[in-house]
Every structure is written in C-alpha cells, then in structure tokens.
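> structure, please.
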Amino acid sequence: MNEFIVSARKYRPSTFVSVVGQQSITATLKNAIKNNQMAHAYLFCGPRGVGKTTCARIYAKTINCQNISADFEPCNQCESCMAFNENRSYNIHELDAASNNSVDDIRTLIDQVRVPPQLGHYSVYIIDEVHMLSSSAFNAFLKTLEEPPKHAIFILATTEKHKILPTILSRCQIFDFNRIKIADISGYLNFVAEKESIAIEEAGVNVIAHKADGAMRDALSIFDQIVSFSGKNITYHDVISNLNVLDYDYYFKLTDYFLKNQIPEILLTFSDILDHGFDGHHFISGLSSHFRDLLVCKDPATIKLLEVGGEIQQKYAIQSQQCSHDFLLDALDIANQCDLNYKMSQNKRLLVELSLIKVAQLGQKKK
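A predicted model of the protein is given here:
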C-alpha cells in the first residue's frame, strides 16, 4: 500500500515562481539575491497557511544553490538542493519557538550559530511562531540577531507581529504576507486536481476557496477531505454537504420571495434551513454576503469584487437587475442589525424571522 502524502505537503512550492499569491515578496527576495543585498535577519508575518515557512525554506535553498538559475531560482539538482529537498541539509535549522521558548533553548541556538556550514555558503535559522519566545529569551537573542556571523541568516516567522518586542523588530527586514485571493486558491486547487486526475466542478472549487479564508494550506486540507468523501468525481453538492455550507440556491430563492413579499414561503424556507441543521447566525451572515454580492453586481466598476465563478456569477448578474439599490442597502442594514443582535437575543429564531419579514416589506418598494 502506497504511503499517502497530504496535498499541502505533496504540492508545497519548491521554487519562488511556484509560490501562490505572494508575488511582491518573492520578487523582493529574488532581487536581494540578485544584487547580493541579503539581510542577516528577516521577519515573515501574516496569517496561517499563506507561505511564510515555505518562502523561508526556498530562500535558504536558493542562497546555497550551487547552480542558481538565470532568474535566481534554485536548480533542485545540485547536492545542496537535493539535501534540502530530502530534509538532510545541515545548512537549514528550524526551531519551533512554541515548544522551545526558554533562555536555555536560545543559548543552545547561539552556540550552534558559531559553527560555519560544511556545504554551501550560509546557515539559515528559521524560527517559527517567534512571538512565543519569553521576554528573557528575546533579550538573550538580541545581540546575536544584531551582529551574527557572516554565514548566519535568521528568518523569524509569526502570525502575531504585535507580540514581538520593538527591539527585535528594529533588527529585521519585515515582510507582511497577505491572505491569498480566492481566484488564486481556486486556480491552484484546479492545478492539484488535474495532477491527481480528479474531476471537480468549478462551483465546488469556489466554495472550498471561500471556506479556506485566504489560507492555501487550509484549502488543500479541505480538498483532501472532500476527495476522501467523494472520490475522483466531485460535484458542487458533494462539497456543500461535506462542509455543511448553505447552498447558494437558498439565498437566490429567498431574494425572489423578498421581492414578491411572499412571507409564508420565506418563513417555511428558513424553517427548512434550520431543519437541515444550519445555525441561524450562520444563515443571516450568509444572507448579508448575498445582498452584498448583489450590490457589487449593480455596477460594472465593482463587479470584479464578486468572488464567485461561472454559472453562479451569471445568476447574480440576473438577480441584481431585479433589485433596486435602495432595496439592497436597506436589506443589508436589516441583516447586519440582526447579525449584531443575534448573540444577545433570548429568542434567536424570532429575531431572524422578524428581520426576514422586514426585508420582505422592503420588496414592495423595489420599483
């Protein structure tokens, strides 16, 4: 039986050009190598799963590559690159600050820094979740971080930059990683699906990308989960049932009812949603997003803000023409007030139902 490797590891980028959604950062790092202007300390900060540690590893591999390419990418064929790829390189040292956060751990690291690399030019020290270091550990690290040996480069990674001492920040070049755009996540998921010979509907890919909330690692983990559930052919309905996501059709149907002031149908549809196990707060949040998407469809200048694809995008375009600006703005306000008051309400179902009735009353003013 072949060993299963999760997609987040199997398709982890090994070159700068394969990193998704962080082009400005990868371009800056490549230019630093090109111009031989490499700093001795970097701080990579941003949300989880966006490529901080991946970029640190690629950078470490590239600066030690023996046959670096013309566009300053690692060759992945020399002895140094092969050692990096097979996790046997002595030039890259990774420390998890969450579990190694004491002064003694940092002193051990400082002693290690003095030893020059045996193969290649640089020893790279990647310290993950660096904000977890204790204050005394940070202070013990300060002098080495400011004046390390010529062969040592430090790359600190964190999800919480505000917890790091200003004295550490001032000694590092800071790179802020962004959440990855839905279109970029969708494109990479389609690439992985093609490599794995998996057929997946575009609407399903879009739902996974939304659910990942800007984190590529989360998107690939969800993708693996769906493949385990559905096999090699994945439909949109497979995705929403496995992830417990409300079908877009509910929101389109409800909006039609709002415009016609069909209150009984609205209440029955909401009851059906609750019967399927969905939370009222989750539903009202989704309804707000639906009104927002209809609003951005009203103007050609903002339609690019609509982060859905294919057939569903066409549905939004059609329904947005049936809704007035005033209706959508007032409906958004009602849904938002319901969202804000939901946790404090004693009768949550009644709160949502009253909000839905108020939106339906707006439907009479749509013209």
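
> hmm, residue 359 is touching residue 331, no?
Yes. At 4.8 Å, residue 359 counts as touching residue 331 under the criterion of C-beta atoms under 8 Å. Just so you know, the C-beta spots here come from the backbone N, C-alpha and C atoms, and that holds for glycine as well.

> tell me the centre residue of this protein?
The centre of the chain sits closest to residue 215, judged by C-alpha atoms, centre = their mean, with a distance of 1.7 Å.

> so who does it touch?
47-50, 179-180 (C-beta atoms under 8 Å, 6 or more residues apart in numbering).

> how about 6 Å then?
Residue 215 makes contact with 48-49 under the criterion C-beta atoms under 6 Å, 6 or more residues apart in numbering.

> could I get the pLDDT score of residue 135?
Looking at residue 135, its pLDDT is 81.

> measure it to residue 204 for me?
Per C-beta to C-beta, to the nearest Å, residue 135 is found 47 Å from residue 204.

> and if you look at residue 122?
Distance from residue 122 to residue 204, by C-beta to C-beta: 43 Å.

> these two - which one has more neighbours?
Shown here are residue 122 and residue 204; by other C-beta atoms under 10 Å, residue 204 has more neighbours (23 against 19).

> the nearest residue to the more buried one once chain neighbours are set aside: what's it in contact with?
Using C-beta to C-beta, 6 or more residues apart in numbering and skipping residues adjacent in sequence, the residue nearest residue 204 is residue 239, 3.9 Å away. By C-beta under 6 Å, 6+ apart, residue 239 lies in contact with 204, 207, 226.

> mind putting the residues you listed in JSON lines, secondary structure, distance to residue 63 and pLDDT included?
Compiled in JSON lines, these are given as follows (DSSP: H, G, I helix; E, B strand; the rest coil; distance: C-beta to C-beta, whole Å; pLDDT from 0 to 100):
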{"residue": "204", "secondary structure": "helix", "distance to residue 63": "40", "pLDDT": "84"}
{"residue": "207", "secondary structure": "helix", "distance to residue 63": "39", "pLDDT": "85"}
{"residue": "226", "secondary structure": "helix", "distance to residue 63": "38", "pLDDT": "88"}
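
> number of residues surrounding residue 221?
Neighbours of residue 221 (other C-beta under 10 Å): 16.

> now it, what's its secondary structure?
helix (DSSP: H, G, I helix; E, B strand; the rest coil).

> that older thread, closest one of the contacts of residue 239 to residue 75?
Distance to residue 75, by C-beta to C-beta, is smallest for residue 226 among the contacts of residue 239, at 35.2 Å.

> quick one: residues contacting the closest one.
234, 239, 242.

> which one is the last one nearest to, not counting chain neighbours?
Leaving aside its sequence neighbours, residue 242 sits nearest to residue 229 (C-beta to C-beta, 6+ apart; 4.7 Å).

> name the helices or strands packed onto whatever helix or strand residue 192 lives in?
Per DSSP states H and E: residue 192 is located in helix 182-195. Packed against helix 182-195 by the contact rule (3 or more C-beta pairs under 6 Å, 6 or more residues apart in numbering; DSSP states H and E) you find helix 202-212.
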